[in-house]
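Enquirer: Generate coordinates for the sequence data below:
(2 chains, ligands or ions: 2)
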Amino acid sequence: MNVARYVARRLLLSGVVFFGLVVLAFVLVTVLPGDPARAAAGRNATAAQVAEARERLGLDDPVLVQFWHYLTNVLQGDLGNSVFTHRAVLADIADVLPSSLELVAAAMLINIVIGVPLGVLAAYRRGRTLDVMARIVALLGATMPVFWLGLLLQLVLSSRLGLFPLYGQLGFGERVPDITGVITIDALLSGDPALFSSALAHLILPALTLAASFIAVIARTVRSSMITSLDADYVTLARATGAGELRVVVRHALRNALVPMSTILGMQLGWMLGVTVLVESTFSRQGIGAYMVDAVLQNDLYAVIGSILVIGVVFIVTNLVVDLVQLWINPRLRDGLAPARPAAPEAVR
Amino acid sequence: MTLLEIRDLKVSYGEREVVHGVNLSVGAGCRTALVGESGSGKSVTARAVLQLDVAASLSGSVSLKGQELVGAKASELRSVRGSRVGLVFQDPLTSLNPVMTIGWQIMQPLVIRGVKKKEARERGIALLARLGVKDASRRFDDYPHQFSGGMRQRVVIAIAVIAEPELLIADEPTTALDVRVQAQVLDLLHEVAVERGMAVLLITHDLGVVAGFADDVVVMRHGRIVETAPVAQLFADPQHPYTKGLLGAVPRLDRDPAQRLVSVEEIEAVAG
Ligand SMILES: Nc1ncnc2c1ncn2[C@@H]1O[C@H](COP(=O)(O)OP(=O)(O)OP(=O)(O)O)[C@@H](O)[C@H]1O
Ligand SMILES: [Mg+2]
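Expert: Ligands and ions are numbered 1, 2, ... in the order given. Down below sits the predicted model:
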């Protein structure tokens, strides 16, 4: 069956990409300067202790054996230990990841709520003032460096106008029960409206900063695919049956534009997680981005690579989800008629 | 009684006028064919009736049973579209929305007029069956790509006529289909039009299909009408040299096979 084959192929592809990711991580672990044995044994270890650590870590084994160990460890969730926190890297990341996901989700929401209507309107009024203005606004958002935009927003909206908190995730002295790890949700669950609105207020600026550079891309994507559908015969015919403009635009044209749109949104979700690096530091938020920056500064090899692996896995998973969503919104795909998104191995051939 | 009356219609795109004062009328329940070579302005004229082309600027008059459409308000036009005038395009491949089921698309004209889903569905299935789609109730939830070209065009016709318009404008509805299917679809269109008392304005550049289908023929050339006549009269005694030329280009069984068809260049030379 076509659907089963499609899903199987996507799963296989995800597996291949994951394997590639682990190979990359392993190469980084082995190639990068710094002696893991010394790192594991500790700064003041004796030569004997270092040798013992070498033995224990299997660093004298052949490379393939080492890789096999690495792979099985990764699959079991063992990404090594942080030399700085002395905890398992995965446990560290599990603590900070919800906060990043919260940021990404909020940014994605802003991205969709602003970017999609912007693209639709620009397509509908193409060449007119609104289209040109949308292009300028989108371009501004896209070309401003993220950290710079963050600082600018902080300066104007927080410092000068006092509309939003400057940084952090909660006000001074505020605490939320640790239920999900996502502060806004935990604040909501605590049942204290003041706490919730504080958490939300702390989230808005960083999310806006993160979203800014993505809005342009999704708006352009939506614009160009909306132009294609708005010009299509089936849209003219929908009008010819007396359908109103709102219905024509949303039900007939936008429904078609969902296919390319969901592809781009899926990729953006992964990219956003990568860009949190720039936002979390600026706004003093917890998160995988901030964790990674600290890890780099402290030369914490396993923490850095672990973060890369986790971000990569999130990327793979979102792509897989997008592939499945495509199956649902694009009926031609179900019958194997539409080209699926170009898969790397096929494209190489 | 005249249903559609077009008087001195001029259509321009920007500075360029492509239709230069067309007069044309379609009687209620009548089938009129609009013929002419490619680029003569047939489609532009047809699209002017429902004013679906925002880039086109119109002057003159298009009236539907006395209701003036040129310069009419958007809401007025909307109430005409679908309910009083239906439209079928040439290419059934691009005429259907690829991501919606054909059933959804057939039901839309009814749904936007407030008909209940269940009733719309029943009427849609019945119409589709009438239009010769086998197993209509099962195929109702299929997608356009699961249909052949001829079947798709039947679906497009269903969408155009389900709200029971008084006039159907069909712009080369069979050109994209293979010859055998062309005849089937035209016959069907004819039958349905007669059953419903629906007038048809059939646009074609193929005079061969006109004879069995239309009551009247309007011949168009370079954005102007050159001849209007009942179909029998036109075939028996064409007045305009261009029409004679066009008729000479139609392959006919009753003609001496040794006699060559007239080429477009020769038509051009005669018509001047
Ligand atoms: N949207 C448009 N913008 C500008 N010019 C147009 C547009 N649509 C049609 N025209 C021009 O109007 C003229 C008449 O075109 P039209 O499509 O009505 O021809 P037609 O008789 O339908 O030909 P065909 O048999 O090929 O469909 C052509 O010269 C064409 O270039
Ligand atoms: Mg045409």
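Enquirer: longest single helix anywhere in chain B?
Expert: helix B:179-196 (DSSP state H).
Enquirer: Give the next helix or strand downstream of it.
Expert: Downstream of helix B:179-196, the next assigned helix or strand under DSSP states H and E is strand B:199-204.
Enquirer: quick one, that next one and helix B:179-196 angle?
Expert: Angle, strand B:199-204 to helix B:179-196, by axes from the mean of the first three to the mean of the last three CA atoms, to 10 degrees: 160 degrees.
Enquirer: Which strands or helices does the longest helix of chain B pack on?
Expert: helix B:149-161, strand B:167-171, strand B:199-204, helix B:207-213 (3 or more CB pairs under 8 Å, 6 or more residues apart in numbering or on different chains; DSSP states H and E). Where you see a C-beta, it was placed from the backbone N, CA and C, and this is true even at glycine.
Enquirer: average model confidence for that helix?
Expert: The average pLDDT for helix B:179-196 rounds to 90.
Enquirer: same thing with stretch B:108-127?
Expert: Stretch B:108-127 comes out with an average pLDDT of 95.
Enquirer: Buried ones in it, by neighbour count?
Expert: Using 16 or more other CB atoms under 10 Å in any protein chain shown as the test for burial, stretch B:108-127 gives B:Gln108, B:Pro109, B:Leu110, B:Val111, B:Ile112, B:Val115, B:Ala120, B:Arg121, B:Arg123, B:Gly124, B:Ile125, B:Leu127.
Enquirer: and what of stretch A:160-170?
Expert: A:Phe164, A:Pro165, A:Tyr167, A:Gln169, A:Leu170.
Enquirer: how about the residues of the stretch 101-250 of chain B near chain A?
Expert: Residues of the stretch 101-250 of chain B found near chain A (CB under 8 Å from any CB of the partner chain) are B:101, B:105, B:108-109, B:112-113, B:143, B:145-146, B:156, B:159-160, B:163.
Enquirer: wait, which of these is closest to ligand 1?
Expert: B:Val156 (16.7 Å; CB to the nearest ligand atom).
Enquirer: tell me the contacts of the nearest residue to the closest one once chain neighbours are set aside?
Expert: Spatial nearest neighbour of B:Val156, chain neighbours left out: B:Ser95 (4.7 Å); criterion: CB to CB, 6 or more residues apart in numbering or on different chains. In this structure, B:Ser95 makes contact with A:Asp233, A:Tyr234, A:Leu237, B:Val88, B:Phe89, B:Arg152, B:Gln153, B:Val156, judged by CB atoms under 8 Å, 6 or more residues apart in numbering or on different chains.
Enquirer: same thing but at 6 Å, please
Expert: A:Asp233, A:Tyr234, A:Leu237, B:Phe89, B:Val156 (CB atoms under 6 Å, 6 or more residues apart in numbering or on different chains).
Enquirer: The closest residue to chain A within the stretch 51-200 of chain B: how many residues sit nearby?
Expert: Closest approach between the stretch 51-200 of chain B and chain A, counting by CB to the nearest CB: B:Gly82, at 3.5 Å. With neighbours defined by other CB atoms under 10 Å in any protein chain shown, the count for B:Gly82 comes to 29.
Enquirer: give me phi/psi at it?
Expert: Main-chain dihedrals, B:Gly82, degrees, to the nearest 10: phi 90, psi -50.
Enquirer: Please apply the same query to B:Gly197.
Expert: Torsion angles, degrees, to the nearest 10, at B:Gly197: phi 60, psi 30.
Enquirer: Contact residues of chain B facing ligand 1?
Expert: B:13, B:18, B:36, B:38-44, B:53, B:55, B:205 (CB under 6 Å from any ligand atom).
Enquirer: where's the dip in pLDDT among those?
Expert: In terms of pLDDT, B:His205 ranks lowest among those, with 82.
Enquirer: Tell me which residues touch that one, please.
Expert: Taking CB under 6 Å, 6+ apart, one finds B:Glu37 in contact with B:His205.
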